[in-house]
Each structure stands twice: as structure tokens, then as C-alpha cells.
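Novice: Sharing a model that was predicted from the sequence below.
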Amino acid sequence: MYLKVVGINHKTAPIEVREKFFLSAIHQDLLLSELKSHPQVCEAFVLSTCNRTEVYMHLLEGADTAFLVDIIANIKEIRKITSFQKYLYVYSNQEAVDHLFRVASGLDSLALGERQILGQVKDSFKRAQEKAMFGKSFNILSNAAIRTGKKAQTETAISHGGSSVSWAAVIMAERILGSLQGMTILIIGAGKMSALTATQLPSKRAKKIYIMNRTQENSQKLAQRFQAEAVAFYDIKEILSNSDVCFCASDAPHYILDKDTVEAAMRLRGNKPLTLIDISMPRNIDPAVSSIKDISLFMIDDLDNIVKDNLLKRQMAVKKVEQIIDRKVTEFYQKLKKKNRPEERLVPKPVP
């Protein structure tokens, strides 16, 4: 199997570059459709999260990956794509397998040992399978990656303590404000990231928690789980004016909090300080908001120092996880060799 992964992540690119390559569910479907019809692609799956976008491909032997960047540029309407080449990485064959297993184990996450990444990896496998982009090799690879991630989480301390972007965002808010006790908190969004953020809050003894989402039904469901109040998006100025901190974890493809909106909210609150933490991808708060007096705006990349402070015990587990990965990589190639006698070579699909 000739395997390639092309990617960009929090280690190689700042958020303003990563968000250009972020692929929504619709974008991922479009990309998988393009790859399905490409004559050099045998199998593929796409992983796109707040910290990475990676495309794994089983290609015909010796195939180049340059076509992939062009396809993504067309889907995302990225101009001057060559200026972003320096942020991309390409891994091949065993190096690519090792990288995938590190990702699934949380070793390559912003928050070392992050648990959520394994679920995101599973979702990427499922999407590709539903699009008929998995064959024998990637079925074996996906099973091995999932087992590696599970083994890392259950047999080591790699996920000890706080290990998620949402957790880090709440800790940052506590450090800025001193405590969240007695504070009014607004969470924008009602998806997984918002739910993970809300999960961190019951022990903080906040005075009030608002959940805001464009789909009222979704915000109500999340609010019920955490004894919060669901509020309508058209009340954003009034709710912001009554909040001490806002966590934005929406999945909108554009800014939902712009400078004019926040300025209006600040006038209503008498310019009392307001903390905004945007953990969305792409960003949902306009960076220009940071220029407003008494506004403190933070984004995903600002959480790095928070994450580093909680590393010691998990760093001790890294070596154990790497040993697990080494064994699993070896096992994967043994299974692949056993299944593919002679070596599997999928027939390229004709271009329609």
C-alpha cells in the first residue's frame, strides 16, 4: 500500500491560516467525491478539526499529491495557494501510519492526551466509509488506529486531568477573572464543543449560564442538561451586556460577533470589562473586536500556555503511548501483509 497524508495543524500554522483549510461536513463530502473520481486514488479519508486538517490517501505507487492541494483550493476558493505550501506537511507509508496513530492517541493534539480526538477520528472513518472510500487496506488501518487510541487512553495516564480545548478555555477564563463564582456566562453554540465547555462549569458556581444558538431547539436541549437558560440569537447585544465571559464554540462559517455588535453591547453594559474566548473553527468572533476598550479577546492559539501548565503527569505517559504505537504499527503491517497476498493493488477508477 502506497500511503500519503497531507496536512496542516496547530504546530505548523497559525489559526488564520488553518481556518482557510478547515473543511466543514459539506466541504469534506465534496473533497471525498473528487478523490473518489480521481484515477490515482484508491482509498481516502479526511480529518478536519479546530487544530488540524489532514487528508489520508492510498494512492497508486509513486503518485504525486500535488493535485490534492489544487482540489482543496478550488473547494475553499483559496487564492494564491502556493503561498501556503510552507505550512503543509506530507508523510508517507509507515511514517503516515505512525502519525495517524499519534493523532488518535492524543499525542499530536494541542491539549496532550485530548480524549475528543479519537471520536473525531472515528467520525472521519465513518464519513469515508459511507462515501465508499474504504477498501481492505483502510479498513485494517482504521481498526488499528481506533484500538491504538483506546489502548493509550485506558492503559496510560495520557488523558489525566484536563485535556481538551474546552477545558483550557474555562481555565483561562478563571485565570483572567480570578474565579467564575458569581459570574454570568454565555456559551454561543450548542454542538460538541459547547457541551464540553458546559460540562466544565457546574463546579465553578457561576451565577447564571446562558446557551445561545441560532437553532433554538438545540440550545434548549443543551440548557436543560446543565440547568442553564436558552436564549435567542437576536438578543445577543442584551445578553452580552449582562455577561462577564462569553465562550464562542459555534460552527458558523463566518463571524457571528462583529465589532459593531460588541461595541453596542459594551455601551449597554457601561463599558464594564468583558472577556471573549473563541474556540470555534473557523473563528466566529471578528479579530477587530480586540481593539474595543475593555474587551479581552482570546482564541484557540492563546490556550497553549494553559495546556502546558498541566502537562507533567501526562508527559510521563508519552513514552508508554509511543511504545504502544510502535507495537501497533508493526501489527498493522503484519496484518496488511497477511491480508494482501499478493500485495493489494486496487484498479484505478476511470474518470467519468
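Specialist: Received it, and whenever you're ready, just let me know what you need.
Novice: all contacts plus neighbour counts: C-alpha atoms, from now on.
Specialist: Fine.
Novice: ranges for the strands of the stretch 251-352 of the chain?
Specialist: Assignment of strands within the stretch 251-352 of the chain using DSSP state E, counting those that start in this stretch yields the ranges 274-278, 295-299.
Novice: just the stretch 51-200 of the chain next, same as before
Specialist: Read by DSSP E, counting those that start in this stretch, the stretch 51-200 of the chain holds these strands, from start to end of the chain: 52-59, 89-92, 184-188.
Novice: which parts of the shortest one are buried?
Specialist: Spelled out, it's strand 89-92. The neighbour-count check on strand 89-92 (16 or more other Cα atoms under 10 Å) flags 91-92 as buried.
Novice: Packing partners of it?
Specialist: Strand 89-92 sits against strand 2-9, with contacts defined as 3 or more Cα pairs under 8 Å, 6 or more residues apart in numbering; DSSP states H and E.
Novice: Name all residues that make contact with residue 197.
Specialist: For residue 197, the residues meeting the contact criterion (Cα atoms under 8 Å, 6 or more residues apart in numbering) are 166-167, 169-170, 247.
Novice: Recalculate using a threshold of 6 Å.
Specialist: Taking Cα atoms under 6 Å, 6 or more residues apart in numbering, we find residue 197 in contact with residue 166.
Novice: which one of the strands of the stretch 51-200 of the chain lies closest to residue 260?
Specialist: Closest of the strands of the stretch 51-200 of the chain to residue 260 is strand 184-188, at 17.6 Å (criterion: Cα to Cα).
Novice: Given the closest one, what are its sheet partners and their directions?
Specialist: On the basis of DSSP bridges, the sheet neighbours of strand 184-188 come out as strand 208-212 (parallel), strand 245-248 (parallel).
Novice: quick one: average pLDDT of it?
Specialist: Confidence over strand 184-188 (mean pLDDT, whole number) is 98.
Novice: could you give me the average pLDDT of stretch 89-104?
Specialist: 98.
Novice: Test of understanding: give the bridge partners of the closest residue to residue 231 other than its chain neighbours.
Specialist: With Cα to Cα, 6 or more residues apart in numbering as the measure, residue 212 is the residue that lies nearest to residue 231, at 5.2 Å, once sequence neighbours are left out. Residue 212 forms beta bridges with residue 188, residue 231, as assigned by DSSP bridges.
Novice: what number of residues lie near residue 212?
Specialist: Per other Cα atoms under 10 Å, the neighbour tally for residue 212 reads 29.
Novice: how much space between it and residue 274?
Specialist: Taken as Cα to Cα, to the nearest Å, the spacing of residue 212 relative to residue 274 amounts to 17 Å.
Novice: do residue 213 as well
Specialist: Going from residue 213 to residue 274 by Cα to Cα gives 20 Å.
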